[in-house]
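Trainee: Kindly return the folded structure for what I paste below:
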Amino acid sequence: MSPSVITIETKENISQNLIIQTPQAGFSLKGRIRVPGDKSISHRALMLGAMAHGVTQIQGLLLGEDPRSTASCFQAMGAEISELNTELVQVKGIGLGNLLEPPDVLNAGNSGTTLRLMLGFLASHAGRFFTVTGDSSLRSRPMSRVVKPLQQMGAQIWGRKEATLAPLAIQGQSLKPIHYNSPIASAQVKSCILLAGLSIEGKTTVTEPELSRDHSERMLRAFGAEVVVNPEINSVTLIGPAQLTGQKVIVPGDISSAAFWLVAGAIVPDSELVVENVGINPTRTGILEALAMMGADIQLENQREVAGEPVADLRVRSSRLQSCTISGDIIPRLIDEIPVLAVAAVFAEGTTTIRDATELRVKESDRITVTAQQLNKMGAKVNELPDGMEITGGTPLIGTDVDSHTDHRIAMSLAIAALNAHGTTTIHRAEAASVSYPAFTTTLQQVCG
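Mentor: Residues are numbered from 1 along each chain as shown. Down below sits the predicted model:
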């Protein structure tokens, strides 16, 4: 049996409320689904394709708002990018060092990946001037984490609050290579510095406290750059200058999007879902490890490699979850999945503790505060910590009014929680989900139907 009502209510042609009304009798989730293309890989395929010589063909591109922002920015600087779709996108690159000075401000929208990674390219284009901004959320997110290392490389960047916030102005320079010891494990920081190093003679190195996702390293190699990884010290070196050549990129399903269905299948009784064609890059599989610690029944099937990235189908069956502690070096490998992991913890026996996740406070929203507040509205017992949260499981959830705070992962996490709540849940500003998962509501109706 499916929920009696899953509806979308549009207000003023902009804001959307997602209404989920669960029946008094139980229901289960069944089916085989595919999630959108991996957001991280989609961004990088568009960027490297734009900066390469020749044509890059991309299959399975994520059609969310964030990759659209990336495409729009690079089109404004001279790259030819065909209409975005999932079947085939062609990018005619212009080559490193050949970005045109755009006639207007580059707008990264809500995409931190677009803005931070793009800065690496812009800073290295000597003699050209760029201005970048984003929406109100992105303009409040910290940029010093990439601005400071770029300035150490010789970049000239100005902006609000001493260039810690967008809008930012960049005067391109001939940069110098550095060895940067990053205080945080961040793929965005690492990637920005490596992309800046593409045009520099010598070795550009980034060392992290823990291993962050490695999509940039994999794709840079595929496009022809020389990249050396030292996993013993979490270090990666790019040897420049590089020559990038257009490639064929097949984007696997995004494990961050799959995480919502893995949790849904685990917590809704008598459920079984198969999420097909999901990327299982080891720097991204912290969600699988955390759910395994909680006792979730998840199997990897049909494991294979597609365009240099490991891929599998993920089968999840409902199970009784147990509490656990999630902290340390696993956090960078599941940072985006913590809101929906908190939902899983609400339905686990005992108290789950999440620590070392201060990074959540500077995402599209303060995800620690917002996750705790919104789940507590539904009757959960979530205690906010400076760097995480404590979730005491076992308390039934009650449907009520909650708010996404315009954060796509919060919107979808609340929808998954609502599937196991009694009564009607209304998620305000649910349109935020389209940032990374435009068809989320359609898929929700599919698995519930």
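
Trainee: Show me the beta-bridge partners of residue 384.
Mentor: Applying DSSP bridges to residue 384 gives these bridge partners: residue 389.

Trainee: Verify the stated contact: it with residue 372.
Mentor: Yes - in this structure, residue 384 is within contact of residue 372 by Cβ atoms under 8 Å, at 4.4 Å. C-betas here are computed from N, CA, C, even on glycine.

Trainee: The helix or strand hosting residue 299 - what's its average pLDDT?
Mentor: Secondary structure from DSSP states H and E places residue 299 in strand 297-306. What strand 297-306 shows for mean pLDDT is 94.

Trainee: Give me the contacts around the following helix or strand past it.
Mentor: Downstream of strand 297-306, the next assigned helix or strand under DSSP H and E is strand 309-317. With contacts defined as Cβ atoms under 8 Å, 6 or more residues apart in numbering, strand 309-317 is touched by 38, 41, 215, 218, 252-253, 258, 261-262, 265-266, 271-282, 288, 296-305.

Trainee: residues of strand 309-317 that come out buried?
Mentor: 309, 310, 311, 312, 313, 314, 315, 316 (16 or more other Cβ atoms under 10 Å).

Trainee: After it, which helix or strand is next?
Mentor: Using DSSP H and E, the first helix or strand after strand 309-317 is strand 325-326.

Trainee: tell me the phi and psi of the residue lying closest to residue 391 once chain neighbours are set aside?
Mentor: Excluding its sequence neighbours, the residue lying closest to residue 391 (Cβ to Cβ, 6 or more residues apart in numbering) is residue 345, at 3.8 Å. Main-chain dihedrals, residue 345, degrees, to the nearest 10: phi -60, psi -30.

Trainee: Just to check, residue 345 is in contact with residue 338?
Mentor: No - assessed by Cβ under 8 Å, residue 345 is found out of contact with residue 338, at 9.9 Å.

Trainee: For the two, indicate the residue with more neighbours.
Mentor: Neighbours were counted for residue 345 and for residue 338 using other Cβ atoms under 10 Å; residue 345 has more, 31 against 27.

Trainee: In contact with that one, which residues?
Mentor: Shown in contact with residue 345 (Cβ under 8 Å, 6+ apart): 294, 321, 323, 352, 354, 391, 393.

Trainee: The nearest residue to residue 370 once chain neighbours are set aside: what's it in contact with?
Mentor: Spatial nearest neighbour of residue 370, excluding adjacent residues (Cβ to Cβ, 6+ apart): residue 405 at 4.9 Å. Going by Cβ under 8 Å, 6+ apart, residue 405 touches 364, 365, 370, 429.

Trainee: correct me, but the second one touches residue 411?
Mentor: It refers to residue 365. No - counting by Cβ under 8 Å, residue 365 does not reach residue 411; the two are 10.3 Å apart.

Trainee: Okay, now the unreliable bits of this structure?
Mentor: Where the chain drops to pLDDT under 70, the residues are 1-5, 8, 10-14, 23-26, 307.

Trainee: Is residue 275 in a helix, a strand, or coil?
Mentor: Under DSSP: H, G, I helix; E, B strand; the rest coil, residue 275 falls in the strand class.

Trainee: hey, where'd the strands end up in the stretch 251-400 of the chain?
Mentor: Using DSSP state E, counting those that start in this stretch, the strands found in the stretch 251-400 of the chain span residues 272-279, 297-306, 309-317, 325-326, 351-354, 381-385, 388-392, 397-398.

Trainee: From residue 421, how far off is residue 363?
Mentor: According to Cβ to Cβ, to the nearest Å, residue 363 and residue 421 sit 24 Å apart.

Trainee: which among the contacts of strand 309-317 end up buried?
Mentor: Neighbour counting over the contacts of strand 309-317 (16+ other Cβ under 10 Å) leaves 38, 41, 215, 218, 252-253, 258, 261-262, 265-266, 271, 273-281, 288, 296-298 as the buried ones.
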